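Participant: Pasting the sequence and the predicted model now:
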Amino acid sequence: MYTLYGNLHSLRILVVDDKETWADLIKSDIQITLECHVHIVTDLNSAMHKVVQWKPHIIFLDIHIPLGDWKPVPKLQTKYDLTQQSFAFCEQVVSSRKLPNTILIMMSVDNQEQYIALAKKAGARHYFDKSENFVEFFEGILKRYSLNVERCNQRTDSQQF
């Protein structure tokens with residue numbers, strides 16, 4: 001476990017992936033790297049409920065994720081086709097004034113330029129190809145954004161999404 005990053009044990013990370021093997025592997029790699037809070041959800045409806053309730057600092061969002069009962073805000077309902085609703089979720093979360101410092105990272109086993117471009121356009125800060133080394137990727141994220149963690153922790157519980 002690294003102590004290099006200072007006091008990040010209060011960091012809240014949400015993993016949104018319907019493939020249990022991937023989600024557990026990502027959670028394990030995160031917790032090997034850093035002692036922090038990690039929660040896994042398997043669809044966009046559960047993800048939105050967790051975002052509202054928990055206000056995560058970092059969200060790892062799989063591109064191919066079931067919707068559950070979730071529907072995007074009206075202005076995003078027709079922007080993406082039904083198979084690309086994870087991009088609507090990304091855009092809705094990152095555009096929220098209640099979550100200004102949330103780092104949303106889209107991930108997939110598909111490293112297609114089309115997905116990377118859509119993720120960037122939707123507001124994702126990074127794109128993780130699941131064939132890459134997750135620990136190295138996550139350490140890079142922590143180094144790059146560790147200064148934002150203090151601002152994230154200053155959110156009040158009274159803020160609503």
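Facilitator: Right, received. Where do you want to start? Numbers count the residues shown, from 1 in each chain.

Participant: Give me the phi and psi angles of F60.
Facilitator: phi -100, psi 110 (degrees, to the nearest 10).

Participant: isn't it right next to I103, touching?
Facilitator: No - using CB atoms under 8 Å, F60 is not in contact with I103; the gap is 9.4 Å. Backbone N, C-alpha and C define where each C-beta goes, glycine included.

Participant: which of those two has more neighbours?
Facilitator: F60 (28 against 21; other CB atoms under 10 Å).

Participant: Which residues does that one form beta bridges with?
Facilitator: V15, I105 (DSSP bridges).

Participant: can you tell me which residues contact it?
Facilitator: Contacts for F60 (CB atoms under 8 Å, 6 or more residues apart in numbering) come out as I13, L14, V15, V16, D17, I26, I105, M107, F128.

Participant: Dump those residues to TSV, plus distance to T78.
Facilitator: Putting the contacts of F60 into TSV (distance: CB to CB, whole Å) gives the following:
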residue	distance to T78
I13	31
L14	26
V15	28
V16	22
D17	26
I26	31
I105	25
M107	25
F128	28
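
Participant: Tell me the one among those nearest to E35.
Facilitator: I13 (11.5 Å; CB to CB).

Participant: I'd like the secondary structure assignment at that closest one, please.
Facilitator: strand (DSSP: H, G, I helix; E, B strand; the rest coil).
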